[in-house]
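# return a 3D structure for these sequence lines:
(one chain, ligands or ions: 1)
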Amino acid sequence: MENRGVIKPMLGTHYPMISHGKGIYLYDDQGKQYIDGSSGAVTVNIGHGVDEIAMAMAEQASKVAFVYRSHFTSQAAERLANKLADLAPGDLNWTFFVNSGSEATETALKIAIQYFQEQGITSKTKILSRWTSYHGITLGALSMSGHLMRRARFTDLLEDFPAVSAPYCYRCPFHSTYPGCGLQCGEDLERAILEIGAENIAAFIFEPIIGAAGGAIAPPPGYYEKIQEICHKYNIVTIADEVMTGMGRTGKLFGVNHWNMTPDIMTLGKGLSAGYTPMAATIVSDRIISVIKQGTKSVMSGHTFSANPLSAAACCAVLDYVESHHLVHNSEARGEEMITGLKELMMKYAIIGDVRGKGLMVGVEFVSDLMTHRPFPAEAKVGEQFLSICFEKGLIVYPAFGGVRGYEGDSIMIAPPLVVTSAQVKEILNIMDESLSELMTRLI
Ligand code: PLP
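Reported below is the predicted structural model:
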């Protein structure tokens, strides 16, 4: 019996000990093979055990692993920032490096507020977001998230930021259907702005495609164009939280690339380092940085490990790998195969209500009634059961259910490393087929 050690997500539960990983596969110390169908937490975009990354990290570590950002910059960090400036849309040219997605969104919040303060506008301190969202676990990030279960214990400490309905067509909050709906979900932002007062709002933060809080929910065409127009009209900074959607996950390099929109700030995490080291980033537009440069000159944030050369070198090597192996294209092509295969399974299993997503960020929503989209009762723990059946059979899928306002469904996500092949997509679909069959027998 353990009486010390790592605090695991569920205390008292046994977790297998990892031995090693290669490509989309992981192996525990008992020799069991798992397909990493979720890339961990939608993170390991280039797959496990890539020697080029290990070599790049070893080379950097032997030169210098750490310098403090107040003393030095490094070639690795500058190269990464320049590369991101080349790739990011519009004038997103300046990168503030942090260590986790939560820190990246929290930094975005602070920069948006500081941008207005530098102009003498001190009332713009609220950040709007959507109720169906997850932007991180730290208090600022949680304040912007609609994850009620994660907020519950700390509500007294949180700002009540989220205010807007999600563009969730399968369960439209306005009981309408696209395109006849006139994008009421987009108009809901304007309603919230008028209610709260534009003079009080610094920014609107959104996941281009909603991930952990709903399972790959992508808005209909025209939604982000509308959001951008409304934010410009009311002088509100747009923050695209690309922590999950960025770096090729959705079949384009960035999630916003699916729409005609250019955010003022963009956050990255997860796929930026593909999990080889903790690293995340807040990318900021020329417009915002030039205001701060003409003012106090210093972005009021920072962490000890920000922009450390070791993590930056790992990320440069990951980006090179993504480009040289055409992984963004592979994400798009394999994602289409995955969605086609899942739609076939949808015909076979009456509990699959929706299959959705873009690239290799694919969501499956379980329902108890296909006609009414009625979800299963929460006590049935259908999503959880499916996850554990898959895990037993050696397939890891990602949970996207539980305690999110504006979302009552039971969704899971399939998000394998972007290196997945067509044959491996079939392998994943076969295990899903077997697992769905087992789930059905449990539910009867
Ligand atoms: N933003 C989004 C969209 C996320 O999906 C997550 C994590 O799932 C975060 C922020 C928080 O990132 P981290 O867990 O690295 O702090």
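
# show me the contacts for the closest residue to Gly211 other than its chain neighbours.
Of all residues not flanking Gly211 in the chain, Met244 sits nearest, at 4.1 Å (CB to CB, 6 or more residues apart in numbering). Any C-beta I mention is one placed from the backbone N, CA and C, and that applies to glycine too. Contacts for Met244 (CB atoms under 8 Å, 6 or more residues apart in numbering) come out as 42, 101, 207, 209, 211-212, 269-271, 361.

# which pLDDT does the model give Met244?
In this prediction, Met244 carries a pLDDT score of 98.

# Gly363 falls within a strand, correct?
Yes - under DSSP: H, G, I helix; E, B strand; the rest coil, Gly363 sits within a strand.

# ok, which of the contacts of Met244 also contact the ligand?
Contacts with the ligand within those, as defined by CB under 6 Å from any ligand atom: 101, 207, 211-212, 269.

# want to throw the residues you listed into JSON lines with neighbour count?
Listed next are those as JSON lines, based on neighbours: other CB atoms under 10 Å:
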{"residue": "Gly101", "neighbour count": "29"}
{"residue": "Glu207", "neighbour count": "27"}
{"residue": "Gly211", "neighbour count": "29"}
{"residue": "Ala212", "neighbour count": "24"}
{"residue": "Gly269", "neighbour count": "29"}
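
# and those, which is closest to the ligand?
Gly101 (2.2 Å; CB to the nearest ligand atom).

# element containing Asn93?
strand 92-98 (DSSP states H and E).

# now the helix or strand just after that strand and strand 92-98, what's the angle there?
Moving toward the C-terminus from strand 92-98, the next helix or strand (DSSP H and E) is helix 101-117. Following axes from the mean of the first three to the mean of the last three CA atoms, to 10 degrees, one obtains 130 degrees for the angle between helix 101-117 and strand 92-98.

# show the average pLDDT along whichever helix or strand comes after helix 101-117.
The helix or strand immediately downstream of helix 101-117 is strand 126-130, counting by DSSP H and E. Averaged over strand 126-130, pLDDT sits at 96.

# again with stretch 36-50
Per-region confidence: stretch 36-50 scores 98 on mean pLDDT.

# can you give me the end-to-end distance of that stretch?
End-to-end distance for stretch 36-50, by CA to CA, to the nearest Å: 15 Å.

# likewise stretch 354-370?
Stretch 354-370 end-to-end distance (CA to CA) = 9 Å.

# returning to what we had before: could the ones next to the ligand among the contacts of Met244 go into a markdown table alongside pLDDT?
Shown next, in a markdown table, are the ones next to the ligand among the contacts of Met244 (pLDDT from 0 to 100):
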| residue | pLDDT |
| --- | --- |
| Gly101 | 98 |
| Glu207 | 98 |
| Gly211 | 96 |
| Ala212 | 94 |
| Gly269 | 98 |
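
# relative to Gly341, which of those residues is nearest.
Taking CB to CB as the measure, Gly341 lies nearest Gly211 of the ones next to the ligand among the contacts of Met244, at 20.7 Å.

# how far out from the middle of the chain is the strand holding Asn93?
Here strand 92-98 shows a centroid-to-chain-centroid distance of 18 Å under the convention CA atoms, centre = their mean, to the nearest Å.

# now do it, average pLDDT.
Regarding strand 92-98, the rounded mean pLDDT is 98.

# got it, and stretch 329-348?
Averaging pLDDT along stretch 329-348 gives 98.

# any residues touching it, and which ones?
Identification of contacts with stretch 329-348 by CB under 8 Å, 6+ apart yields 248-252, 352, 355-362, 364, 414, 416, 418-422, 425-426, 428-429, 432-433, 436.

# report the buried members of these.
With burial judged by 16 or more other CB atoms under 10 Å, the buried subset of the contacts of stretch 329-348 is 248-252, 352, 355-362, 364, 414, 416, 418-420, 425, 428-429, 432-433, 436.

# keep only those of those that are in strands.
Using DSSP state E, 352, 355-358, 361-362, 364, 414 are the members of the buried ones among the contacts of stretch 329-348 that sit in strands.

# any chance you could map the helices in the stretch 1-150 of the chain?
Listed in chain order, the helices of the stretch 1-150 of the chain (DSSP state H, counting those that start in this stretch) span 39-42, 51-63, 75-87, 101-117, 139-143, 148-151.

# how about the residues of this structure by the ligand?
Selection of the chain residues close to the ligand by CB under 6 Å from any ligand atom yields 41, 100-102, 105, 134-137, 207, 211-212, 241, 243-244, 269.
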